[in-house]
Structures are given as C-alpha cells and as structure tokens.
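[1] I would like to see how this sequence folds:
(one chain, ligands or ions: 2)
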Amino acid sequence: MSPQVFVSRHPLVQHKLALLRSKRTEPKKFRELVREIAQLLFYEATQDLALAPLTIETPLAACEGFEVAERIGIIPILRAGLGMAEAIVDILPTVHVWHLGLYRDHETLQPVTYYNKLPSKPDIDLTIIVDPMLATGGSAVAAVDILKRWGAQRIKFLGLIAAPEGVKALSESHPDVAIHLAAIDSHLNERGYIVPGLGDAGDRQFGTG
Ligand code: PRP
Ligand code: URA
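    Ligands and ions are numbered 1, 2, ... in the order given. Got it, this is the predicted structure:
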C-alpha cells in the first residue's frame, strides 16, 4: 500500500463502522455514526498540524498553551460529505467549509460537477476533502483536480470506506494526496458499488432512494 494511504485501526472506529454498515441501521443512527467516525478519522488525520504557542489565564494563574496555527479548508462533496463536514466543524470551529457538488452519472459512473462554492483565492494551508465513499475514485480525482486548479497546495482526502479501485485511481492520479480511511473493502460490483460497503451513503443519510 502507498505510504500515503492510512486505514484506521482504532477499535472505536472499527466498532462504529460495523454498526454503520448494518442494513438495520436507520438514517438517524446512520447520520450519528457518520459524524462520530468522521471526528475520529479527522483526529487521526490531523496529527501533523502545526501549533503556535499562546498564553492563557486559568482561574488560578497564567500558563502557556497552544492553538492550531494552520488555516484549514474542509471540502465536503455533496451530498454525502455533508455530515462529515458538520462533525468536523463541531470539534474544530475555526475551519472553513466550502462545498463541491459532484454526483456520479448512474450509467457512465463519471463524476458530474454541479456546484462549486470555492472562494476566488485559496487563502489556506491545508484542504481536506470529505466524502464517505471512494468507489471508482472518479469523484475524488475530479475534486482534487478542481482544488489543484484553484491553487490548493496541501490536500488530504478523508473517507469512510474505499474500494481498492478507488484507492488506486486517486493515489495514481494524485500521489501527493494523503488518503485517510476507516476501511478498504473487497471490490466494486457491476454497478460501481463498494462490496460489502454500506450501500448508498447519501441515500442512507438522507432517507432517499
Ligand atoms: C457517492 C459518494 C461519492 C461518489 C463515489 O456520491 O458520496 O461522492 O459516489 O463514487 P466514485 O468514487 O465512483 O466517484 P453520489 O454520486 O452517489 O452522490 P450523492 O452523495 O449525492 O448521493
Ligand atoms: N457511492 C455510494 O454511496 N456507495 C457506494 O458503494 C459507491 C458509491
């Protein structure tokens, strides 16, 4: 596996992932699990963030502490990345969130871009794309293409479940992009769904389909 691909071995991630996959998990619980796993993966994926020292006053004395010194942009791929982005804002409210709308054409499996909320300049140190599913990799590769054309310098991808095909496509197209995942599954089926996967991540979060 490429040194840029990280699959979490954390017991909490694996425990929650099993619940997420279950077809018995209803949308409300599914959304809660997406959020919780996203926070755990974000924690693991940001271990290299730069810190800046600062002085704070506790109720008893002044002391030295640290704050995150990097400007971070979170890029949720609509729709399914929304829940992950909201969860990340909850644990690090200083991030900026810029939405990208991409969907996979059901016939060709090619990504179609329909929304781009990036500001004109990438005034940012680190961009993190969030999307639960990395299937053929078409959507993730298209998202990184867009971010690089925009001028993003350091990009990470945070996903829940990947197919080997998607990991290969993303790491071959963009070897500089670190990929953080909860699992890499067996394969894609003939309709481009990850097996065993969890089904359609957007439909399961939003009760559609
Ligand atoms: C899903 C998923 C990814 C994409 C992955 O989105 O959230 O964006 O498919 O597939 P790929 O790796 O083969 O490109 P989908 O197109 O179903 O849109 P949705 O989130 O609006 O349901
Ligand atoms: N998108 C999903 O939501 N699930 C898959 O298995 C593949 C793409």
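[2] Tell me how far residue 80 lies from ligand 2.
    Relative to ligand 2, residue 80 is positioned 6 Å away (Cβ to the nearest ligand atom, to the nearest Å). The C-beta positions use only the backbone N, C-alpha and C, and glycine is treated the same way.
[3] for residue 92, same thing?
    Here the criterion is Cβ to the nearest ligand atom. By it, residue 92 lies 25 Å from ligand 2.
[4] Could you verify my assumption that residue 86 touches residue 35?
    Yes: shown here, residue 86 and residue 35 form a contact pair, counting by Cβ atoms under 8 Å, at 6.8 Å.
[5] Looking at the two, which is more packed in?
    residue 35 (20 against 17; other Cβ atoms under 10 Å).
[6] Spatially nearest residue to the more buried one (excluding sequence neighbours)?
    Beyond its immediate neighbours in the sequence, the residue positioned closest to residue 35 (Cβ to Cβ, 6 or more residues apart in numbering) is residue 87, lying 3.6 Å away.
[7] give me every residue that touches that neighbour.
    34, 35, 36, 38, 39, 42 (Cβ atoms under 8 Å, 6 or more residues apart in numbering).
[8] now those: which count as buried?
    With neighbours counted by 16 or more other Cβ atoms under 10 Å, those contain buried members at 34, 35, 36, 38, 42.
[9] Show the pLDDT at the second one.
    According to the predicted model, the pLDDT of residue 35 comes to 98.
[10] Output the contacting helices and strands for the one helix or strand it maps to.
    Element membership of residue 35, judged by DSSP states H and E, is helix 27-45. Applying 3 or more Cβ pairs under 8 Å, 6 or more residues apart in numbering; DSSP states H and E, one finds that helix 27-45 contacts helix 11-21, helix 82-91, strand 126-130, strand 155-158, strand 178-181, helix 201-206.
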